[in-house]
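Provide a 3D model corresponding to the input given below.
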Amino acid sequence: MSSKEIPIANIYYLLCYAWSHFEERDVVRLDELEKLESVHDLLGKVLAEGVFSLIRKGIDRDYRDVHENLAGIRGKIAVNETVKKALRARSQVACIYEELSHDVLHNQLLRSTLKSLIRLPGLCNDVRADVRKAYTNLSGVTVVNLNRQLFQRVHLDRNRQYYRFLLSVCRLIYEQLLVDEKSGEARFTDFSEERMEKLYEDFIIGFFCREQSRYRINHRGRKIDWADEGTHDNHRSKLPKMEADVILEAPNRRIIMDAKYYKETLGGRFGGKLHSNNLYQLLAYVRNREITAGPGAKHEGILLYPTVNESVAVDVCLEGYSIYARSINLAQNWRNIHQDMLALIE
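Numbers count the residues shown, from 1 in each chain. All right, here's what the predicted structure looks like:
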């Protein structure tokens with residue numbers, strides 16, 4: 001399925017859960033989301049409204065090093081620079097001192113991303129006006145050339161969660177925005193199937209971590225050991241890794257959930273069949289973890305597919321294990337998605 005088949009409001013909710021920032025979802029009202037028709041309009045609106053919110057609360061400041069030639073001494077003297085520029089002849093010294101400023105990296109990334117959106121041809125006029133206003137409101141903050149290394153350099157403490165959310169938006173815009181080096185023209189690329197698959201998987205993890213308390217979520221330790229007793233140590237390294245998308249554990253139930261994102265939910269030569277490799281993979285997960293995880297409830301597996309039209313509800317018993325195939329309709333109202341997700345594990 002394509003991202004274009006999913007309502008923009010639902011794309012936004014998927015992102016908020018996937019980024020573990022669902023508390024920040026109210027930066028844009030639902031009625032405003034429903035007016036938008038494309039992902040780049042959504043991201044532009046969210047970023048602009050987020051900057052407006054930051055300005056109301058007070059834009060973050062931090063200390064930065066300032067290099068300046070002064071008649072007096074402030075901070076540390078840069079001896080080599082003073083000598084190299086022969087500043088003593090002009091009764092000056094090169095100084096390095098710290099100054100509290102808004103012109104710090106995380107603000108620079110916000111303003112630079114806003115600038116890249118302004119020149120995006122497909123942006124709707126209302127969103128462009130908001131983006132331009134947010135860009136102007138950050139005047140005094142340096143515009144930088146965006147790259148992955150800059151995003152990796154940002155280090156924010158827990159008190160700056162809102163910045164984390166907005167920088168996630170910025171990074172997604174950067175990754176999806178292609179700029180022609182010769183003409184300078186920009187275009188926003190649709191989410192690839194690989195990106196949608198990752199977004200869907202991260203959404204499922206984020207949703208169950210936040211919305212239920214019955215199960216312990218093994219979303220970090222998802223590695224499944226092989227029941228490889230009898231295998232020589234020299235050969236164990238040749239076995240492929242097994243890692244489930246989500247493992248949910250309660251005293252009376254253990255579920256291995258595997259998210260599967262396809263353009264066509266069901267496959268097979270004549271259609272209407274579950275993908276065989278999905279079943280083989282999940283059965284291997286369930287069988288091996290049952291043996292290696294220790295005492296507890298019997299394991300079961302759920303294949304979870306996203307759909308916008310057809311629904312999937314298949315229950316099978318394979319080698320004594322319960323395997324379920326289910327679908328979540330991502331085109332429906334978000335409240336219904338919420339209910340359907342929780343119903344999967346009830």
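
going forward, measure contacts and count neighbours with C-alpha atoms only.
Will do.

what sits against residue 216?
The neighbours of residue 216, taking Cα atoms under 8 Å, 6 or more residues apart in numbering as the test, are 248, 249, 250.

Give me the buried subset of those.
Of the members of the contacts of residue 216, the ones counted as buried by neighbours, 16 or more other Cα atoms under 10 Å, are 248, 249.

Now that we have the contacts of residue 216, can you turn them into CSV and tack on distance to residue 156, secondary structure and pLDDT?
Converted to CSV, these look like this (distance: Cα to Cα, whole Å; DSSP: H, G, I helix; E, B strand; the rest coil; pLDDT from 0 to 100):
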residue, distance to residue 156, secondary structure, pLDDT
248, 30, strand, 93
249, 32, strand, 92
250, 34, strand, 92
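
List the pairing partners of whatever helix or strand residue 254 lives in within its sheet, with orientation.
Assigned by DSSP states H and E, residue 254 belongs to strand 253-259. Strand pairing for strand 253-259, determined by DSSP bridges: strand 246-250 (antiparallel), strand 299-307 (parallel).

residues in contact with the first one?
Translated: strand 246-250. Residues outside strand 246-250 that contact it (Cα under 8 Å, 6+ apart): 204-205, 214-219, 222, 254-258.

Now do the helices in the chain.
Under the criterion DSSP state H, the chain contains helices at 8-18, 30-33, 39-57, 79-84, 105-118, 125-137, 148-153, 161-176, 193-211, 233-236, 276-292, 334-343.

so residue 50 touches residue 166, yeah?
Yes: with contacts defined as Cα atoms under 8 Å, residue 50 counts as touching residue 166 at a distance of 6.8 Å.

how close does residue 260 get to residue 67?
From residue 260 over to residue 67 the distance is 53 Å, taken as Cα to Cα, to the nearest Å.

higher neighbour count, those two?
Between residue 260 and residue 67, residue 260 has the larger neighbour count (other Cα atoms under 10 Å), namely 18 against 15.

In contact with the more buried one, which residues are there?
With contact taken as Cα under 8 Å, 6+ apart, residue 260 is in contact with 197, 303, 304, 305, 306.

Work out the sheet partners of the lowest-mean-pLDDT helix or strand in the chain and label each with its direction, please.
Each helix and strand of the chain was given a mean pLDDT (mean pLDDT, DSSP states H and E); the minimum falls on strand 177-179 at a mean of 79. Within its sheet, strand 177-179 is paired with strand 186-188 (antiparallel), according to DSSP bridges.

picking that back up, identify each buried residue in the strand holding residue 254, please.
In strand 253-259, counting by 16+ other Cα under 10 Å, buried: 254, 255, 256, 257, 258, 259.

which residue packs closest to the last one, ignoring adjacent ones?
Here the nearest residue to residue 259 in space, its sequence neighbours aside, is residue 304; by Cα to Cα, 6 or more residues apart in numbering that works out to 4.9 Å.

Please apply the same query to the first one.
The spatially closest residue to residue 254, leaving aside those adjacent along the chain, is residue 299, at 4.9 Å (Cα to Cα, 6+ apart).

The one you found reaches residue 256, doesn't it?
Yes: assessed by Cα under 8 Å, residue 299 is found in contact with residue 256 at 7.2 Å.

joint contacts of the two?
residue 286.

how many neighbours does residue 172 have?
Look at residue 172: counted by other Cα under 10 Å, it has 13 neighbours.

about what we covered before: kindly present the strands paired with strand 253-259 as JSON lines, with separate columns for distance to residue 87.
What follows is these, written out as JSON lines (distance: least, Cα to Cα, whole Å):
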{"stretch": "strand 246-250", "distance to residue 87": "63"}
{"stretch": "strand 299-307", "distance to residue 87": "67"}
